[in-house]
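>>> Quick one: sequence and predicted model below, then my questions.
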Protein chains: 2
Amino acid sequence: MQAQAATKAAAKIDLAGLAACQGLAQRARTHIAAIGSVQRVDQGTTLFSEGDRAEYVYEVVSGMLRLYKALPDGRRQITGFLSAGHHLGLSLNDLYLYSAEAITEVNLRRYPRAWFERLVDEVPGLARRLLAATSDELRAAQDQMLLLGRKTAGERIASFLIMLSDQHSNVRGADKVHVPMSRSDIADYLGLTMETVSRMLAKLKQIGAIALSTPARISLLDRGQLEDLAAGELEPAL
Amino acid sequence: MQAQAATKAAAKIDLAGLAACQGLAQRARTHIAAIGSVQRVDQGTTLFSEGDRAEYVYEVVSGMLRLYKALPDGRRQITGFLSAGHHLGLSLNDLYLYSAEAITEVNLRRYPRAWFERLVDEVPGLARRLLAATSDELRAAQDQMLLLGRKTAGERIASFLIMLSDQHSNVRGADKVHVPMSRSDIADYLGLTMETVSRMLAKLKQIGAIALSTPARISLLDRGQLEDLAAGELEPAL
DNA sequence: CGAGTAATTGAACCCGCTCAACTATCGTGG
DNA sequence: CCACGATAGTTGAGCGGGTTCAATTACTCG
């Protein structure tokens, strides 16, 4: 979990900027600008669903997405929340392997996959940068497997709060974290129910580890305690 | 889960062969042969532990490894089992992010990381192939997140058996699957306990979905039923 | 300010865990 | 080849963390 913040930057690649800097011809650059223009999308919008033909690669400019896989009866596992600078759909697969929806209003760039794949071949070093970004996603996925397979509810919530705090890396005074996703999204990310998420947040508040001004704004009052809890180092394990 | 078999091959890269075919000089090829010679390792051997300095990239020639992350109190999550053709340690991180141990006797090739990274830069298309392999690992990790976060014990066992069967893709008559890992390893891979694994296998046997000749040899008698169960499509959910 | 949604809280239940006893398997040496 | 010990796997009984179902409270946004 500590390693996450350190390598987080590796996952962010500015395609438009990168392509423009890599000595592509003027025509190509203009093309990119046209294709990669920023588009706005409302909260709740579905970008694509698991199993759809993967026609585009997306880049988040601002806002937040949720990626998830679902079982036929509706059970849902959110595999990640994507914020500015992250990409999706860049697996070399023909079909999307997960669904993507906007949690907030989102601005994003969209590139046709065929175009994108040509870019990967033509721009030296791009494949390697994508490899770095994908490796980092894989690392996050492995952390999440440990969380889902072996951590208690309290440890999961603590891990989640630390993760949120790290990726904002906002050091403005007390660690105030903005939580754009619903309790239900948090639950589906942590393999819990909405009710358990709520109860565990209440318990963390009760022991003085956090404060809840509104449901979407959480202050980390005792980061050390949260980190210990997240790492599974507290015996009674809350 | 279906996609797994289809894209599995993408995860396998013969480094020695690849380097030899990519027009490297004779001296370089000889060098690779020396560095990448096959080494044998006994069952139970630890290749490296989480947090060790990542000095080598490994390639499994035969046998099976387990990769895992652990919490301070000993709770363990196995993130994957690696068989012939798979690589490990090729994240571009300075430290290993998980531990690796031999489940069976294992033959493997070992490449110094510095050497390997030069190879990635020098061999055209290698970065892209590694990207494909890593993307496939990521896909598997996302499947596993769904399993760990949302599937019941019975569904997890069924998913595991189908996965084992797929990766061997042995179509010799009835679907006989060899299970080289212990019940405890299976449990730590599926986020369960050894006892629950044993009980669920017994239940699958009882309903005629599988047969257990020895603990390490399982016959899939009703693959369709197992697949439905694995996909979460059976109401009473066993 | 009021309606509708999201979040919290309470009570009972249940799936998978824990602890424990037992059985099968495998390697090893007589 | 068999007897033995050690390890791995199975089975049973009871418990508990997290879920389910339901009611209440807090936000949000016209």
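Good, I have the coordinates.
>>> tell me the secondary structure for the residue lying closest to residue A:219 once chain neighbours are set aside?
Counting by CB to CB, 6 or more residues apart in numbering or on different chains, residue A:219 lies nearest to residue A:211, which is 4.2 Å off, once chain neighbours are set aside. For every residue, glycine as well, the C-beta is placed using N, CA and C. Here residue A:211 is strand, with the state taken from DSSP: H, G, I helix; E, B strand; the rest coil.
>>> Low-confidence bits of chain A, can you list those?
For chain A, the stretches with pLDDT under 70 are A:1-35, A:169-174, A:235-238.
>>> tell me which element the closest residue to DNA strand D within it falls in.
For chain A, the residue closest to DNA strand D is residue A:196, as judged by CB to the nearest atom of the strand, at 3.0 Å. Residue A:196 is part of helix A:194-206, with elements assigned from DSSP states H and E.
>>> Which positions in the helix or strand harbouring residue A:121 come out as buried?
Assigned by DSSP H and E, residue A:121 falls within helix A:113-122. Buried residues in helix A:113-122, counted by 16 or more other CB atoms under 10 Å in any protein chain shown: A:113, A:116, A:119, A:120.
>>> Next, the angle from the longest helix along chain A to helix B:126-150.
Secondary structure of chain A per DSSP state H: the longest helix is helix A:126-150. Using axes from the mean of the first three to the mean of the last three CA atoms, to 10 degrees, the interaxial angle of helix A:126-150 with respect to helix B:126-150 works out to 20 degrees.
>>> does chain B sit close to helix A:126-150?
Yes - using CB under 8 Å from any CB of the partner chain, helix A:126-150 reaches chain B at A:127-128, A:130-132, A:134-135, A:137-139, A:141-146, A:148-150.
>>> Give me the helices and strands touching that helix, please.
Applying 3 or more CB pairs under 8 Å, 6 or more residues apart in numbering or on different chains; DSSP states H and E, one finds that helix A:126-150 contacts helix A:2-7, strand A:76-82, helix A:113-122, helix A:153-168, strand B:65-70, strand B:76-82, helix B:126-150.
>>> To residue A:230, which of those lies closest?
helix A:153-168 (4.0 Å; CB to CB).
>>> Residue A:178 - how many residues pack around it?
By other CB atoms under 10 Å in any protein chain shown, the residues close to residue A:178 number 12.
>>> Please apply the same query to residue A:109.
Using other CB under 10 Å, residue A:109 has 20 neighbouring residues.
>>> same thing with the one 3 residues further on?
Per other CB under 10 Å, the neighbour tally for residue A:112 reads 12.
>>> The residue nearest to residue A:219 and residue A:222 touch, don't they?
No - using CB atoms under 8 Å, residue A:211 is not in contact with residue A:222, being 10.2 Å away.
>>> Can I have the buried ones of the residues of helix A:126-150 next to chain B as a PyMOL selection?
Listed next is the PyMOL selection for buried residues among the residues of helix A:126-150 next to chain B, using 16+ other CB under 10 Å:
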select buried, chain A and resi 127+128+130+131+132+134+135+137+138+139+141+142+143+144+145+146+148+149+150
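>>> about what we covered before: check whether the longest helix of chain A comes into contact with DNA strand D.
No - figure legend: helix A:126-150 not in contact with DNA strand D (CB under 7 Å from any atom of the strand); closest approach 10.2 Å.
>>> can that helix be found next to DNA strand C?
No - using CB under 7 Å from any atom of the strand, helix A:126-150 stays clear of DNA strand C, with a minimum separation of 8.8 Å.
>>> what about that helix, distance to the chain center?
Helix A:126-150 sits 11 Å away from the centroid of its parent chain (CA atoms, centre = their mean, to the nearest Å).
>>> hang on, the earlier thing: residue A:186 is nearest to which of the helices and strands packed on helix A:126-150?
Closest of those to residue A:186 is helix A:153-168, at 6.5 Å (criterion: CB to CB).
>>> Any part of that closest one near DNA strand C?
No - on the criterion CB under 7 Å from any atom of the strand, helix A:153-168 is out of touch with DNA strand C, staying 10.6 Å away.
>>> relative orientation of that helix and helix A:126-150 in degrees?
Going by the same axes, to 10 degrees, helix A:153-168 makes 160 degrees with helix A:126-150.
>>> Helix A:153-168 - contacts with which helices or strands?
helix A:2-7, helix A:126-150, strand A:175-178, helix A:183-190, helix A:194-206, strand A:217-220, helix A:223-230.
>>> What residues sit buried inside it?
A:153-166.
>>> Residue A:85: what secondary structure?
Residue A:85 - assigned by three-state DSSP - is coil.
>>> Any chance of the backbone angles for it?
phi 100, psi -10 (degrees, to the nearest 10).
>>> Also residue A:52?
According to degrees, to the nearest 10, residue A:52 has phi -60, psi 150.
>>> Please apply the same query to residue A:49.
phi -120, psi 150.
>>> Give me the distance between it and residue A:100.
Distance, residue A:49 to residue A:100, by CB to CB, to the nearest Å: 8 Å.
>>> Same check on residue A:62?
Residue A:62 is 15 Å from residue A:100, by CB to CB.
>>> higher neighbour count, the two?
residue A:100 (24 against 14).
>>> What residues does chain A have near DNA strand C?
For chain A, the residues in contact with DNA strand C (CB under 7 Å from any atom of the strand) are A:182-184, A:194-195, A:197-199, A:201-202, A:212, A:215-216.
>>> Compare those residues and tell me which is most surrounded.
Going by other CB under 10 Å, residue A:197 tops those with 23 neighbours.
>>> Tabulate the buried residues of helix A:153-168 in CSV, adding columns for distance to DNA strand D.
Output for those, formatted as CSV (distance: CB to the nearest atom of the strand, whole Å):
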residue, distance to DNA strand D
A:153, 4
A:154, 6
A:155, 8
A:156, 8
A:157, 10
A:158, 12
A:159, 12
A:160, 14
A:161, 16
A:162, 17
A:163, 18
A:164, 17
A:165, 19
A:166, 23
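>>> what's the closest of the residues you listed to residue B:79?
Once CB to CB is applied, the member of the buried residues of helix A:153-168 that ends up nearest residue B:79 is residue A:159, at 16.2 Å.
>>> ok, the closest one touching residue A:151?
Yes - between residue A:159 and residue A:151 there is a contact at 6.7 Å, judged by CB under 8 Å.
>>> which bits of chain A sit near DNA strand D?
A:152, A:153, A:154, A:191, A:192, A:193, A:195, A:196, A:199, A:214, A:215, A:216.
>>> Return the residues in contact with the last one.
This means residue A:216. Residues in contact with residue A:216 (CB atoms under 8 Å, 6 or more residues apart in numbering or on different chains) are A:178, A:179, A:180.
>>> What are the phi and psi values at the second one?
If I follow you right, that is residue A:179. For residue A:179, the backbone dihedrals (degrees, to the nearest 10) come out as phi -120, psi 90.
>>> what about residue A:210, neighbour count?
Neighbours of residue A:210 under the rule other CB under 10 Å: 24.
>>> check contacts around it.
A:161, A:201, A:204, A:218, A:219, A:220, A:221, A:222, A:226.
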